[in-house]
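Chemist: Pasted the sequence and its predicted model underneath.
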Amino acid sequence: MRSRCSAFIISLLLCASAVSSAVAQGAAGDWTMPSKDYAATRFSELAQITPANAKSLHAVWSFSTGTLGGHEGQPLVVHNTMYVVTPYPNVLYAFDLSKEGYPLKWKYRPPVDQNSLGIACCDAVNRGAVYADGKIVYNLLDGHTVAVDAATGKELWKTKIADIAQGETTPMAPLIVKDRVLVGASGGEFGILGWVKGLDLATGKVVWTGTNIGPDSLVLAKPGTFKTFYDKGANLGATTWPGDAWKHGGAPVWGWMSYDPVLDLVYYGVGNPGPYNAEQRLGDNKWTASVLARRPEDGSLVWAYQFTPHDSWDFDAAAEMVLVDLTIKGKQRKVLVHFDKNGFEYTMDRATGEVLLAEPYVHVNWASRIDLATGRPVLDSTKLTGASKGNVKDICPTLEGGKSPASPVAYSPRTGLFYASTNSMCMDYQAVETAHLAGTPFMGINSPYHAGSDKNLGAFIAWDAATGKRKWAIEEKFPVWSGSLATRGNVVFYGTLDGWFKAADAATGAVLWKFKVGSGVVGDPITFSGADGKQYVAIYAGIGGDWLLLAGDYKSDDPADVRDPADFVRDLARHTSQGGIVWVFAL
Amino acid sequence: MRRLSSALLFAAIAATGCREQSDVPPGANVPGASETSANGIVIAKHDDRVFAGGIAPPAERVANSAADDAKAADAGAKLFTGMNCDGCHGGGAVGAVGPSLTDGRWRYGGGDADIFRSIAEGRPKGMPAFGGVLQPPMIWRLVAYIKSLEPPKDVPTESWVDEGKPTR
């Protein structure tokens, strides 16, 4: 929506900056897309809240979503309206921010197939909606994308994009680039054939489908367009698998996408290969556990890079790719920064896919380093898993990731630092032979977690992606599973599993303020300008998104399901229970 | 790909015991009349129901025909892994995407025939119907395995004296 640029002076100024041109979608104080901007920085120019005054933050509003699933993702704020998508059954609420108490303008209640609850690997989450051209667009868990009129709540179109009978569900947040709506499917635990689709924003019609695995014709790797920095050869998405194993090879897309308008490339991470027993799929298994760069218009694959070849640990690369300009070894570079589940932070040339730097941001023992000449990890062979290897002990990090892909980072151009929620845990990994049966899991794994070498299970860290070094850390007792928010005011925000929402000094890591929000936080904070011109901060409370986090808790609608807490978070249930609340805070 | 062939798996399991199709005992302990289903697929009403007018509708009670087979539970455990049941219900059926089957609590009844029906016909919220790929004797072995899982001592109270594992 470039035309809107002229309507807002601030937006016009920001349009001059290539990386920030995404702000053109709305006023600077709005939050129109899941990751705030196309570069996925989750950085806001708002600066009223500062380290000096953050201690006077207080709750000004809250709303029960009426659902208890994991509340991942984030609200949108557009034109004094806040849009909230709930976990299944994916109700869309539109709150009028210009009136006291933020009354609803409307709510949209789509029918969603309840069978999707049993096909979604990891709770009935939804990672958010996106705004463009007067439409709110988001995915329903059961494999549909919907576009709703942002003003009226009327459904404009609804497109079936995925098939739950084949193990596909759709919790990810779409990205809209020009007239394309980009969507993908989860199902790395159900033997799907992973893909990304480009829909027409006006009609919802599927314009193109590019798979993440399989021959060049399916992955849309065209001669003359597709060029990788490290890997050579045709049909790598098929030849790096035994036989036709790629047809059930997983490769889901469940994180947040980003876009560089100058290079005209959309970036997204691809999840794990299936099954978890790596001996059933010998080879690199491209392009699972990879980053793919595509043209949004027709889906053409331009480059790809695999973080974890022949993934033997469920190291999805589903996490966000943040697009920033950094000075690396004295040279200004256009880079892509990615905190992989495998424990390494990668700083890459986003035009070519060359790895410029890869450093462990948590304790890593499955590989000693990433060889920058080949782009491949240098493995510890004793940590390789497979059915014939029995129970392989003490692999760090766990398959939840050194950082969960469900917990997106933020980047502050003011400090030049990334802010990330991290986990300090290790796992044992016992793979077993498994058979593919459509509509049932395709896994073959038992992988209990235990505490890593740190005293605490998690930390919120500041990280310099130009040097690969940690600047500071706020230790947390439990794994940290929320997204991050950075602001021009130099205050960063995150939440904890035991239900605290916290503000910290972006420069020093000093905790400035905290508030107990009623349920563990796995959502992503946002900030916006209210109708009164004040800066507000919003966050979801509602633990979930991973069955092990539910801490033995159970829901009102299913008291027939009682579980023991997971060993690694035995006492989490002492501090939180399930919930679903939208909170708004202000000075 | 070296994955197991589903067809071979089914054949191997079927070969371990197909000696009965259904044993449908007359409705002992069941209120109301009972009748025998024609095809051996059995239907039973579990006990936790409210009866309109205090009168139970006709129903039939069926016991697991594999109940006397000491090896049935072991065979069922192999099926529980082989049919990817553990992918949803967790290893040992302690619960994951699908509910725990070891807690002694049941959404749809915990009688043999209730569990049989859940497996054969599926249930809402994503429990697949396995009746198309599993013969009744195999389902009965799964029932035998699930019924062999000892529920924990289910004390309603959880309490914490100090940080760490809750007391039940």
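Modeler: Yep, it's here. Numbers count the residues shown, from 1 in each chain, chains lettered A, B, ... in the order given.
Chemist: Point out where the chain drops to low pLDDT.
Modeler: The chain I'm using is chain A. Within chain A, the ranges that satisfy pLDDT under 70 run A:1-26, A:551-554.
Chemist: my bad, chain B
Modeler: Checking chain B against pLDDT under 70 turns up B:1-49, B:56-61, B:153-155, B:162-168.
Chemist: Helices along that one, start to end?
Modeler: With helices called from DSSP state H, chain B shows them at B:6-15, B:72-82, B:85-89, B:112-121, B:136-148.
Chemist: what about the shortest one, near chain A?
Modeler: Yes - contact between helix B:85-89 and chain A, assessed by Cβ under 8 Å from any Cβ of the partner chain, occurs at B:C85, B:G87, B:C88. Every C-beta, even on glycine, is put in place using the N, C-alpha and C of the backbone.
Chemist: out of those residues, who's nearest chain A?
Modeler: Closest approach to chain A among the residues of helix B:85-89 next to chain A (Cβ to the nearest Cβ): B:G87, at 2.5 Å.
Chemist: Would you check that that closest one makes contact with A:G188?
Modeler: No - counting by Cβ atoms under 8 Å, B:G87 sits too far from A:G188 to count as a contact (12.0 Å).
Chemist: more crowded one of these two?
Modeler: Between B:G87 and A:G188, counted using other Cβ atoms under 10 Å in any protein chain shown, the more crowded position is A:G188 (31 against 25).
Chemist: Find residues that contact each of B:G87 and A:G188.
Modeler: The overlap between the contact sets of B:G87 and A:G188 (Cβ atoms under 8 Å, 6 or more residues apart in numbering or on different chains) is empty.
Chemist: Right, and chain A sits closest to which residue of chain B?
Modeler: For chain B, Cβ to the nearest Cβ, closest residue to chain A: B:G126, 1.4 Å.
Chemist: Pull the contacting residues for the nearest residue to that residue once chain neighbours are set aside.
Modeler: The shortest distance from B:G126 to any non-neighbouring residue, by Cβ to Cβ, 6 or more residues apart in numbering or on different chains, is to A:G118 (1.4 Å). Going by Cβ under 8 Å, 6+ apart, A:G118 touches B:C88, B:V97, B:G98, B:K125, B:G126, B:M127, B:P128.
Chemist: nearest residue to A:M321 other than its sequence neighbours?
Modeler: Spatial nearest neighbour of A:M321, chain neighbours left out: A:Y267 (4.1 Å); criterion: Cβ to Cβ, 6+ apart.
Chemist: Which residues does the helix or strand containing the one you found contact?
Modeler: Element membership for A:Y267, per DSSP states H and E: strand A:265-269. By Cβ under 8 Å, 6+ apart, the surrounding residues in contact with strand A:265-269 are A:175, A:177, A:182, A:184, A:196, A:253, A:255, A:257-260, A:290-296, A:302, A:316-321, A:323, A:336, A:338, A:350, A:405.
Chemist: Please name the nearest non-neighbouring residue to A:N391.
Modeler: A:Q430 (4.1 Å).
Chemist: Just to be sure, that neighbour is in a strand?
Modeler: Yes - counting by DSSP: H, G, I helix; E, B strand; the rest coil, A:Q430 is part of a strand.
Chemist: so the closest residue in space to A:L372 that isn't next to it in sequence bridges to which residues?
Modeler: Excluding its sequence neighbours, the residue lying closest to A:L372 (Cβ to Cβ, 6+ apart) is A:V355, at 5.6 Å. As for beta bridges, A:V355 partners with A:M348 under DSSP bridges.
Chemist: The spatially closest residue to A:K516 that is not a sequence neighbour: how many residues sit nearby?
Modeler: Computed as Cβ to Cβ, 6+ apart, the closest residue to A:K516 that is not its neighbour in sequence is A:G499, at 5.4 Å. Here the number of neighbours of A:G499 (other Cβ under 10 Å) works out to 22.
Chemist: list the contacts for A:G499?
Modeler: Going by Cβ under 8 Å, 6+ apart, A:G499 touches A:K516, A:V517, A:G518, A:S519, A:G520, A:V521, A:A541, A:I543, A:H575, A:T576.
Chemist: go with 6 Å
Modeler: Residues counted as contacts of A:G499 (Cβ atoms under 6 Å, 6 or more residues apart in numbering or on different chains) are A:K516, A:V517, A:S519, A:G520, A:T576.
Chemist: Dump those into TSV; add secondary structure and neighbour count as well.
Modeler: Listed next are these as TSV, based on DSSP: H, G, I helix; E, B strand; the rest coil; neighbours: other Cβ atoms under 10 Å in any protein chain shown:
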residue	secondary structure	neighbour count
A:K516	strand	13
A:V517	coil	25
A:S519	coil	26
A:G520	coil	34
A:T576	coil	26
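Chemist: For chain B, state which of those residues is nearest.
Modeler: A:T576 (13.1 Å).
Chemist: just the strands in the stretch 51-200 of chain A please.
Modeler: Residue ranges of the strands in the stretch 51-200 of chain A, as given by DSSP state E, counting those that start in this stretch, are A:58-64, A:76-78, A:81-85, A:92-96, A:104-108, A:130-132, A:135-140, A:144-149, A:155-160, A:175-177, A:180-184, A:195-200.
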